[in-house]
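Peer 1: here is my input, please return the structure:
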Amino acid sequence: MQTIVSCGIKVFAEMLKRCVGGELCMGSRCLIELENPILRLGKSGNILYVISGKKFIKVDSNTGEILQKAEVFAKDSKTRRFIVDKDVIYCRDFYRLYKIDAETMEIISRWELGSDLSSDICALGSDETNIYASIRNGGFAVINKSSGEVKTYAVSDSSIWDMIVSDRIYAGSVDGNLYVIDKAGFKVLDSKPIHKKNLKSLLLEGDVIYTASQDLSIAKVNKNTLDVIDRKKRCHNKMFYIAGIWQDCLVTVSPPCGEMKVWNKSDFSLYRTVNRGNWDSFIDGDRLYEKADNRIVCTDLDGGICFGWS
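Peer 2: The predicted structure follows:
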């Protein structure tokens, strides 16, 4: 089994290495080329959601066909980020939060959760009942999806830029702390300093939380105890994030460095550095999705299809 896993890491890294300079390797394809640069990229089901300029665009994740596009916003903005929650898109823009019907692509509701850049929205999450928005300087806004009622809470002394919404909320702060928040009463149940600087990227797999920080390290944390299982320092020379996990590979991307790194998630040993890296890359199932200017590139990672494994 270990031989097969190691082989998977090697083949994955070699595939990424060959996909530089605009050349697509075996298993990779330019899914679509749009007219304008892509600001944000996300996925729900078989649909890719794209923000490009003032438009939201829906793209079939298998064929690259444009399913729908609509000019949702009146003005351009570089700060927009979104999550897709079933049939609704929640999109943040500074301190404003928009609720957009994913079918009609029309704005249904909007909330002003702050008043200026000192109270803008940093991260979004959701569950069956609520939308969770972290506010700069440690606040949280909890919005009931049915009623639209907003409740606010103070959680941290520093801003929270990423969160995982699971049985509880796991949130990483600018000061490097990992917080565990009870969703019912919205009280902090536990917190621990995992990093020395901004804990900006989180990924949950089973009972393990993988973290990435601006102190340039990654860590593996026990979800239940917050004990650090393993740590790797000096992963990149500049800011980076976690793009996802495939088999035994943990992939991190540093856009300022223009690089992607493939790690063995078991012991954080580095297999290869790939000389390319953009924001919003992510692994979904057996595929890696990346945006490059106005293109979406899709790489099939499934060994049985791409690598000749039986």
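Peer 1: so which residues of the stretch 201-310 of the chain form helices?
Peer 2: Under the criterion DSSP state H, counting those that start in this stretch, the stretch 201-310 of the chain contains helices at 303-306.
Peer 1: low-confidence ranges in it?
Peer 2: Low-confidence segments of the stretch 201-310 of the chain (pLDDT under 70): 303-310.
Peer 1: now do 90
Peer 2: For the stretch 201-310 of the chain, residues meeting the criterion pLDDT under 90 lie at 271, 274-276, 299, 301-310.
Peer 1: check the stretch 51-200 of the chain too.
Peer 2: Judged by pLDDT under 90, the stretches of the stretch 51-200 of the chain that qualify are 115-118.
Peer 1: ok, 50 please
Peer 2: Nowhere does the stretch 51-200 of the chain drop to pLDDT under 50.
Peer 1: so who does residue 217 touch?
Peer 2: 195, 231-235 (Cβ atoms under 8 Å, 6 or more residues apart in numbering). Heads up, the C-betas are built off the backbone N, CA and C, glycines and all.
Peer 1: go through those and flag which are in strands.
Peer 2: Cross-referencing the contacts of residue 217 against strands under DSSP state E gives 231-232.
Peer 1: can I have the buried ones of the contacts of residue 217 as a ChimeraX selection?
Peer 2: Selection of buried members from the contacts of residue 217 for ChimeraX, criterion 16 or more other Cβ atoms under 10 Å:
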select :195,232,235
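Peer 1: and the nearest residue to residue 200 once chain neighbours are set aside, how close does it get to residue 239?
Peer 2: Distances taken as Cβ to Cβ, 6 or more residues apart in numbering put residue 161 closest to residue 200, at 5.0 Å, once the chain neighbours are dropped. From residue 161 over to residue 239 the distance is 11 Å, taken as Cβ to Cβ, to the nearest Å.
Peer 1: joint contacts of those two?
Peer 2: Common neighbours of residue 161 and residue 239 (Cβ under 8 Å, 6+ apart) are residue 200.
Peer 1: and the one helix or strand residue 82 maps to, how far from the chain's centre?
Peer 2: Using DSSP states H and E, residue 82 sits in strand 81-85. Here strand 81-85 is found 10 Å from its chain centre; the criterion is Cα atoms, centre = their mean, to the nearest Å.
Peer 1: next secondary structure after that strand?
Peer 2: Once strand 81-85 ends, the next helix or strand along the chain (criterion: DSSP H and E) is strand 88-93.
Peer 1: quick one: buried residues of the helix or strand following that following strand?
Peer 2: Remark: after strand 88-93, the chain's next helix or strand is strand 96-101, criterion DSSP H and E. For strand 96-101, burial by neighbour count (16+ other Cβ under 10 Å) applies to 96-100.
Peer 1: what's strand 96-101 packed up against?
Peer 2: With contacts taken as 3 or more Cβ pairs under 8 Å, 6 or more residues apart in numbering; DSSP states H and E, strand 96-101 sits against strand 88-93, strand 107-112, strand 121-126.
Peer 1: apply 10 Å and report the result again.
Peer 2: Here strand 96-101 touches strand 81-85, strand 88-93, strand 107-112, strand 121-126, strand 130-135, strand 139-144, going by 3 or more Cβ pairs under 10 Å, 6 or more residues apart in numbering; DSSP states H and E.
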